[in-house]
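Enquirer: Got a predicted structure here, sequence first:
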Amino acid sequence: MTPSPTEQIARALLYEGYILYPYRASALKNRHRWTFGGLVPRAYAEASDNTERWFLRAECLVQGNAGTTLSVSVRFLHPMLTVERGSHSQEATERAVLVPDVQLDELIARPRREAFSFAKWRSAERMQHAIMGDIELSAVWVAERVVRVAVRVSNLTPLEMSEHVTRDDAVLRSLASAHVALGVEGGEFVSITDPGEELRSLAAECRNEGVWPVLVGQPGNRDAMLASPIILGDYPRIAPESGGDFFDGTEIDEMLALRVMTLTDAEKREMAETDPRAKAILQRVESLGAAGLAALHGTSRPGSRPQPGSRVRLRPRGRADAFDILLAGKAARVVSVEEDFEGLVYFAVTVEEDPGRDLGDRGQPGHRFFFRPDEVEPLDEESP
C-alpha cells in the first residue's frame, strides 16, 4: 500500500539525519548521532547548562465546539547500540505512542497525562536501554469556537548523574527525532504560519518549544497537523522524483547519488557494513542507471502559493459581508497577488461563473474580489 503524503512526511522527519553522507560509521558526523528532535533524560539535560532538551511542547489552535474530537500520537526513534566485528555503532527502533481520542470539552475540564515506557532489550550483538516518559494534553477556550491545544512530551528516563556519564549514555536513553501528529474530527486546525488576520494574535500566543506545527495532507484540508522538529511550511511534500531516503534534507537526491557513486570500493564496503539503511542507499544508487539518474535532474515546479492565472476555490472565513456568503465554494482565477502597506498579502480574483468576469480582469470594481491566502484553496484545471 502506498503511504499517504502525511505518512511520507512523518517518516521523513523520523529519519532526518539518521545517517549522513558519506554514510560510513567512521565519518565524524555519523559519530554524533540523533541531532534532530532529540529528547535526552531530564537529569542529563538539567546538568548540561540547557544545551540539551528533555521535553518538547506543541501548541496550536482548533476551531470547533465542545464535541470536537482530538487525536494525538507521538513518534520517535529508540537508539540501539550495535557491536559487530569489534566496532560500535548505533541503530534505532521506531516507536509510537497513541493517546486515546478525547473530546475538547473533556480535555478542557480535565487535562490528560499518558505515561509510556519501553523495556531494556539485549541480544548477542545489540543492546537497548529502557526508556520512559509521558505525554500531557491540555486545552483552553481562547475565543468563540477557538481552543488552544497543548501537547507536552517529556523524557523521564532515570539516569544517575556522575562525572563518568557521557553524552552517548544520554543519547542511548533518548527519544530521537520526536514529533507529534494531531488529528481533529468535527472541527479544523488553524495554520500557525498563516492564521489570517482575525486569529493572528491568538496564533502568536501559542508556545512551541522544540517543534513547529504545520498543516499536513491535501492542500486546503485542515484536519491534520504535524508538530515537527524541523521548521516546514504548511502542506509539505516529498518530491515525486525521490526514489527513497537519503536521510539528509539539506541536500538533493541527484547530488547525493552522484557523491555515493564517487566513493571508493573500500568506502562502499564500509558504507554497506555500517547500517542496513546505508546499505539500501548504496544498492539503490548502483542500480539507478542513466535513465534513473536523469529522472533526478532538471525538474522544476511552481511555488506552493497560487500565482496569477492559478485556479482556486474560495473559502471566505471572515463572513464580513454578503459576498463572503455568496462566493463561498465558487471557483475563481487569481488575477494578481497584492500586498498592502502593512505587508499583508491578498489574492485579487475573478469568479469563473461571473458573466462580467472580463471587466474584473481589467480591474473594474464589482467584478474583482480580494481574499487572504487562508481563504483560497488551489484547484486543478479539471475540477468543477
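Expert: It's in. These numbers were taken from a predicted model, which means no experiment stands behind them. Numbering: from 1, shown residues only.

Enquirer: Now do the helices in the stretch 101-250 of the chain.
Expert: When assigned using DSSP state H, counting those that start in this stretch, the helices of the stretch 101-250 of the chain occupy the ranges 104-109, 167-171, 200-204.

Enquirer: Of all those, which one is nearest Arg362?
Expert: With Cβ to Cβ as the measure, helix 200-204 is the member of those nearest Arg362 (32.8 Å). The C-beta positions use only the backbone N, C-alpha and C, and glycine is treated the same way.

Enquirer: how about the closest one: buried residues?
Expert: Within helix 200-204, the residues scored as buried using 16 or more other Cβ atoms under 10 Å are 202-203.

Enquirer: circling back: least confident of the helices of the stretch 101-250 of the chain, on average?
Expert: In terms of average pLDDT, helix 167-171 trails the rest of the helices of the stretch 101-250 of the chain, at a mean of 88.

Enquirer: Which helix or strand in the chain has the lowest average pLDDT?
Expert: None of the helices or strands of the chain scores lower by mean pLDDT, DSSP states H and E than helix 289-294, at a mean of 72.

Enquirer: how far does it sit from the chain's center?
Expert: Taking the mean of its C-alpha atoms, helix 289-294 sits 30 Å from the chain's own mean (Cα atoms, centre = their mean, to the nearest Å).

Enquirer: Mind giving me the packing neighbours of that helix?
Expert: Applying 3 or more Cβ pairs under 8 Å, 6 or more residues apart in numbering; DSSP states H and E, we find helix 289-294 packed against helix 253-261.

Enquirer: so Tyr18 makes contact with Phe247?
Expert: Yes - in terms of Cβ atoms under 8 Å, Tyr18 counts as a neighbour of Phe247; the distance is 4.5 Å.

Enquirer: how about the strand or helix carrying Lys268: buried residues?
Expert: Taking DSSP states H and E as the definition, one finds Lys268 inside helix 265-274. If you call a residue buried by 16+ other Cβ under 10 Å, then helix 265-274 has these buried ones: 267-268, 270-272, 274.

Enquirer: just to revisit the earlier point, what is in contact with Tyr18 and Phe247 at once?
Expert: With contacts defined as Cβ atoms under 8 Å, 6 or more residues apart in numbering, the residues adjacent to both Tyr18 and Phe247 are Arg277.

Enquirer: Look at these two and report which has more neighbours.
Expert: When neighbours are counted by other Cβ atoms under 10 Å, Tyr18 and Phe247 differ, and Tyr18 comes out ahead with 24 against 20.

Enquirer: wait, is the more buried one part of a helix?
Expert: No - applying DSSP: H, G, I helix; E, B strand; the rest coil, one finds Tyr18 to be coil, outside a helix.

Enquirer: Now do the same contact list for it.
Expert: Listed by Cβ under 8 Å, 6+ apart, the contact partners of Tyr18 are 77, 92, 177, 245, 247, 277.

Enquirer: What's the local residue count around the first one?
Expert: The number of residues packed around Leu77, counting by other Cβ under 10 Å, is 24.

Enquirer: ditto for the fourth one
Expert: By the other Cβ under 10 Å criterion, the neighbourhood of Asp245 contains 20 residues.

Enquirer: What confidence value was assigned to the closest residue to it other than its chain neighbours?
Expert: On the basis of Cβ to Cβ, 6 or more residues apart in numbering, the spatially nearest residue to Asp245 that is not a chain neighbour turns out to be Tyr15, at 5.9 Å. According to the model's per-residue confidence, Tyr15 sits at a pLDDT of 77.

Enquirer: how close does Tyr15 get to Phe189?
Expert: Applying Cβ to Cβ, to the nearest Å, one obtains 25 Å for the distance of Tyr15 from Phe189.

Enquirer: Have a look at those two and say which one is more surrounded.
Expert: Phe189 (25 against 19).

Enquirer: can you pull the contacts of the more buried one?
Expert: 60-63, 182, 213, 215, 222-225.

Enquirer: Which elements pack onto whichever strand or helix holds Val99?
Expert: Using DSSP H and E, Val99 sits in strand 87-103. Applying 3+ Cβ pairs under 8 Å, 6+ apart, we find strand 87-103 packed against strand 69-84, strand 112-118, strand 131-143.

Enquirer: and it, which residues are buried?
Expert: Those buried within strand 87-103 under the rule 16+ other Cβ under 10 Å are 89-92, 95, 97, 99, 102-103.

Enquirer: Same question for stretch 64-75.
Expert: Of the residues in stretch 64-75, 64, 68-72, 74-75 count as buried by neighbour count, 16+ other Cβ under 10 Å.

Enquirer: Quick one: residues in contact with that stretch.
Expert: Residues from elsewhere that reach stretch 64-75, judged by Cβ under 8 Å, 6+ apart: 10, 14, 62, 94-99, 101-105, 107, 135, 137, 139, 145, 147, 149, 151, 153, 177-188.

Enquirer: now with 6 Å?
Expert: The list of residues contacting stretch 64-75 from outside it, by Cβ atoms under 6 Å, 6 or more residues apart in numbering, reads 14, 96-99, 101-105, 135, 151, 153, 180-187.

Enquirer: Noted, bye for now.
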